[in-house]
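# got a predicted structure here, sequence first:
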Amino acid sequence: MKSIRSRRAVSITIALAIASVSAAGLSGCTDAPPAASASAASSPIPEFDPDDTLWTVDSTGEQLELEDADVQALQQVVALHSAASDNRSPSTIVDSVDAELRSFSELFTEKLTAQGYREGVIALYVDNDLSIEQTGVAWLVSTLDEEREHATVGFESIFRIVGASEGYLHQIGVAAGEELAQPREYSLTKIDGTWLIDDIKKGPLRKSAAPGNG
(Lines give C-alpha, C1' and ligand atoms only; values in the text may rest on other atoms or scores of the structure.)
Protein backbone atom coordinates (compact mmCIF):
# COMPACT_ATOMS: atom_id res chain seq x y z
CA MET A 1 0.00 0.00 0.00
CA LYS A 2 1.38 3.35 -0.99
CA SER A 3 0.74 5.98 1.57
CA ILE A 4 0.96 9.73 1.25
CA ARG A 5 1.00 11.65 4.48
CA SER A 6 1.00 14.75 4.08
CA ARG A 7 -28.64 7.90 21.45
CA ARG A 8 -26.62 9.13 19.49
CA ALA A 9 -23.30 7.46 19.70
CA VAL A 10 -23.79 3.86 18.90
CA SER A 11 -20.22 3.14 18.02
CA ILE A 12 -16.92 4.84 17.37
CA THR A 13 -17.41 4.21 13.69
CA ILE A 14 -20.54 6.29 13.72
CA ALA A 15 -19.01 8.81 16.00
CA LEU A 16 -15.99 9.65 14.01
CA ALA A 17 -17.05 8.48 10.68
CA ILE A 18 -20.15 10.47 10.67
CA ALA A 19 -22.69 7.78 10.31
CA SER A 20 -22.53 4.12 9.96
CA VAL A 21 -24.68 3.52 6.94
CA SER A 22 -23.38 1.27 4.20
CA ALA A 23 -22.61 4.38 2.32
CA ALA A 24 -21.37 7.33 4.19
CA GLY A 25 -18.25 7.07 6.18
CA LEU A 26 -16.26 9.58 7.98
CA SER A 27 -16.69 12.10 5.37
CA GLY A 28 -18.56 14.95 3.99
CA CYS A 29 -18.18 15.58 0.35
CA THR A 30 -18.66 18.47 -2.01
CA ASP A 31 -17.96 19.25 -5.63
CA ALA A 32 -16.59 22.64 -4.61
CA PRO A 33 -14.75 23.50 -1.41
CA PRO A 34 -17.45 23.64 1.26
CA ALA A 35 -17.75 26.38 3.81
CA ALA A 36 -18.40 23.50 6.16
CA SER A 37 -15.85 24.32 8.80
CA ALA A 38 -12.99 26.65 9.42
CA SER A 39 -10.67 23.74 10.05
CA ALA A 40 -11.47 22.12 6.70
CA ALA A 41 -9.59 24.87 4.91
CA SER A 42 -6.37 23.89 6.65
CA SER A 43 -6.74 20.15 6.08
CA PRO A 44 -3.77 18.32 4.58
CA ILE A 45 -3.97 18.28 0.78
CA PRO A 46 -2.90 14.95 -0.74
CA GLU A 47 0.45 14.92 -2.50
CA PHE A 48 1.08 12.45 -5.27
CA ASP A 49 4.02 10.25 -6.21
CA PRO A 50 5.28 11.59 -9.56
CA ASP A 51 6.89 8.27 -10.44
CA ASP A 52 3.93 5.95 -10.15
CA THR A 53 0.15 5.73 -10.14
CA LEU A 54 -2.39 3.82 -8.10
CA TRP A 55 -5.03 4.32 -10.78
CA THR A 56 -6.00 1.70 -13.39
CA VAL A 57 -8.82 0.81 -15.79
CA ASP A 58 -10.32 -2.24 -14.11
CA SER A 59 -11.13 -4.25 -17.25
CA THR A 60 -7.78 -3.77 -19.02
CA GLY A 61 -5.26 -3.02 -16.30
CA GLU A 62 -4.22 0.16 -18.13
CA GLN A 63 -2.44 2.54 -15.80
CA LEU A 64 -3.77 6.08 -15.64
CA GLU A 65 -1.52 9.04 -15.10
CA LEU A 66 -2.22 11.46 -12.30
CA GLU A 67 -2.72 14.18 -14.91
CA ASP A 68 -5.74 12.30 -16.30
CA ALA A 69 -8.80 14.57 -16.11
CA ASP A 70 -11.03 11.95 -14.45
CA VAL A 71 -8.33 11.00 -11.94
CA GLN A 72 -7.93 14.62 -10.94
CA ALA A 73 -11.69 15.15 -10.66
CA LEU A 74 -12.13 12.03 -8.53
CA GLN A 75 -9.26 12.99 -6.24
CA GLN A 76 -10.77 16.41 -5.74
CA VAL A 77 -14.20 15.03 -4.81
CA VAL A 78 -12.79 12.50 -2.34
CA ALA A 79 -10.28 14.91 -0.79
CA LEU A 80 -12.89 17.61 -0.30
CA HIS A 81 -15.35 15.12 1.13
CA SER A 82 -12.75 13.95 3.63
CA ALA A 83 -11.76 17.50 4.52
CA ALA A 84 -15.36 18.35 5.36
CA SER A 85 -16.23 15.17 7.23
CA ASP A 86 -13.00 14.82 9.19
CA ASN A 87 -12.99 18.40 10.48
CA ARG A 88 -16.16 18.70 12.54
CA SER A 89 -17.37 20.24 15.76
CA PRO A 90 -20.71 21.17 17.32
CA SER A 91 -20.46 24.66 15.80
CA THR A 92 -19.71 23.47 12.24
CA ILE A 93 -21.61 20.20 11.99
CA VAL A 94 -24.76 21.56 10.32
CA ASP A 95 -22.87 23.21 7.46
CA SER A 96 -20.56 20.23 7.20
CA VAL A 97 -23.33 17.66 6.78
CA ASP A 98 -25.25 19.85 4.33
CA ALA A 99 -22.08 20.23 2.23
CA GLU A 100 -21.59 16.49 2.32
CA LEU A 101 -25.08 15.74 1.09
CA ARG A 102 -24.61 18.02 -1.91
CA SER A 103 -21.82 15.79 -3.18
CA PHE A 104 -23.86 12.59 -3.08
CA SER A 105 -25.93 11.15 -5.89
CA GLU A 106 -29.69 11.63 -5.68
CA LEU A 107 -30.37 7.98 -4.90
CA PHE A 108 -27.73 7.90 -2.18
CA THR A 109 -29.09 11.07 -0.63
CA GLU A 110 -32.61 9.65 -0.64
CA LYS A 111 -31.38 6.52 1.11
CA LEU A 112 -29.59 8.48 3.83
CA THR A 113 -32.51 10.85 4.29
CA ALA A 114 -34.86 7.91 4.84
CA GLN A 115 -32.49 6.66 7.55
CA GLY A 116 -32.46 10.00 9.37
CA TYR A 117 -28.78 10.46 8.60
CA ARG A 118 -28.55 14.24 8.79
CA GLU A 119 -30.37 14.56 12.09
CA GLY A 120 -28.47 11.66 13.64
CA VAL A 121 -25.03 12.99 12.76
CA ILE A 122 -25.83 16.50 14.00
CA ALA A 123 -27.12 15.09 17.28
CA LEU A 124 -24.00 12.95 17.67
CA TYR A 125 -21.64 15.90 17.57
CA VAL A 126 -23.82 18.33 19.50
CA ASP A 127 -24.97 15.99 22.26
CA ASN A 128 -21.46 14.67 22.89
CA ASP A 129 -19.59 17.95 22.35
CA LEU A 130 -17.51 16.04 19.80
CA SER A 131 -14.81 17.66 17.66
CA ILE A 132 -12.42 15.94 15.24
CA GLU A 133 -9.58 17.27 13.08
CA GLN A 134 -7.90 15.70 10.07
CA THR A 135 -4.11 15.33 10.31
CA GLY A 136 -3.21 13.26 7.26
CA VAL A 137 -4.41 11.31 4.23
CA ALA A 138 -3.34 8.32 2.13
CA TRP A 139 -4.38 7.28 -1.37
CA LEU A 140 -4.91 3.57 -2.03
CA VAL A 141 -5.48 1.50 -5.18
CA SER A 142 -8.29 2.98 -7.30
CA THR A 143 -10.03 1.97 -10.54
CA LEU A 144 -12.26 3.33 -13.29
CA ASP A 145 -14.40 1.33 -15.66
CA GLU A 146 -13.56 1.43 -19.35
CA GLU A 147 -16.48 3.73 -20.12
CA ARG A 148 -15.35 6.14 -17.37
CA GLU A 149 -18.79 6.25 -15.83
CA HIS A 150 -18.04 4.45 -12.55
CA ALA A 151 -15.04 4.53 -10.23
CA THR A 152 -13.85 2.96 -7.00
CA VAL A 153 -11.41 5.08 -5.00
CA GLY A 154 -9.29 3.77 -2.16
CA PHE A 155 -8.49 6.33 0.53
CA GLU A 156 -7.46 6.49 4.16
CA SER A 157 -8.00 9.42 6.50
CA ILE A 158 -6.02 10.12 9.66
CA PHE A 159 -7.64 12.34 12.24
CA ARG A 160 -7.57 13.09 15.94
CA ILE A 161 -10.28 13.58 18.48
CA VAL A 162 -9.90 17.19 19.53
CA GLY A 163 -12.38 16.79 22.36
CA ALA A 164 -15.63 15.27 23.54
CA SER A 165 -17.58 14.82 26.74
CA GLU A 166 -15.94 12.59 29.32
CA GLY A 167 -18.81 10.16 29.19
CA TYR A 168 -18.54 9.81 25.44
CA LEU A 169 -14.77 9.34 25.47
CA HIS A 170 -15.17 6.63 28.08
CA GLN A 171 -17.90 4.99 26.04
CA ILE A 172 -15.81 4.71 22.89
CA GLY A 173 -12.53 3.98 24.70
CA VAL A 174 -10.51 6.80 23.17
CA ALA A 175 -8.69 9.68 24.83
CA ALA A 176 -8.92 13.30 23.73
CA GLY A 177 -6.03 14.11 21.39
CA GLU A 178 -5.66 10.52 20.21
CA GLU A 179 -5.12 9.91 16.49
CA LEU A 180 -7.09 7.35 14.52
CA ALA A 181 -6.94 6.11 10.93
CA GLN A 182 -9.67 4.61 8.80
CA PRO A 183 -9.53 3.14 5.28
CA ARG A 184 -12.49 3.82 3.02
CA GLU A 185 -13.68 2.68 -0.37
CA TYR A 186 -15.62 5.30 -2.29
CA SER A 187 -17.92 4.38 -5.16
CA LEU A 188 -18.62 7.23 -7.56
CA THR A 189 -20.73 7.65 -10.68
CA LYS A 190 -20.37 10.32 -13.34
CA ILE A 191 -23.73 12.05 -13.82
CA ASP A 192 -24.02 14.75 -16.49
CA GLY A 193 -20.25 15.10 -16.50
CA THR A 194 -19.88 15.41 -12.71
CA TRP A 195 -18.54 12.71 -10.38
CA LEU A 196 -20.87 12.07 -7.42
CA ILE A 197 -20.46 9.69 -4.49
CA ASP A 198 -23.03 6.91 -4.37
CA ASP A 199 -21.55 4.69 -1.68
CA ILE A 200 -18.82 4.67 0.98
CA LYS A 201 -17.60 1.50 2.64
CA LYS A 202 -15.56 2.00 5.79
CA GLY A 203 -12.89 -0.25 7.23
CA PRO A 204 -12.20 -0.56 10.96
CA LEU A 205 -10.76 2.38 12.85
CA ARG A 206 -7.31 1.88 14.31
CA LYS A 207 -4.98 3.94 16.43
CA SER A 208 -2.49 5.71 14.21
CA ALA A 209 1.13 6.69 14.45
CA ALA A 210 1.87 10.34 13.71
CA PRO A 211 1.39 11.25 10.01
CA GLY A 212 4.56 10.65 8.05
CA ASN A 213 5.69 7.74 10.20
CA GLY A 214 3.89 5.06 8.28
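Arrived safely.
# so which bits of the longest helix anywhere in the chain are buried?
The single longest helix within the chain, with elements called by DSSP state H, is helix 69-85. By neighbour count with 16 or more other CB atoms under 10 Å, helix 69-85 contains the buried residues 70-71, 73-85. For the C-beta atoms, the positions are set from N, CA and C on the backbone; glycine is no exception.
# ranges for the strands of this structure?
With DSSP state E as the criterion, the chain has strands at 55-57, 131-144, 150-163, 179-191, 194-202, 206-207.
# mind checking which of these is nearest T113?
Nearest of the strands of the chain to T113, taken as CB to CB: strand 194-202 at 14.1 Å.
# got the buried residues for that closest one?
Neighbour-count burial for strand 194-202 [16+ other CB under 10 Å]: 195-200, 202.
# and which of those residues is nearest I122?
Among the buried residues of strand 194-202, I200 lies closest to I122 (CB to CB), at 18.4 Å.
# give me the number of residues near I191?
The local packing of I191 (other CB atoms under 10 Å) involves 12 other residues.
# which ones are touching it?
S105 (CB atoms under 8 Å, 6 or more residues apart in numbering).
# rewinding a little: need the buried residues of strand 194-202 in TSV (columns: pLDDT and distance to D95).
Listed next are the buried residues of strand 194-202 as TSV, based on pLDDT from 0 to 100; distance: CB to CB, whole Å:
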residue	pLDDT	distance to D95
W195	98	22
L196	97	19
I197	97	18
D198	95	22
D199	95	23
I200	95	20
K202	93	22
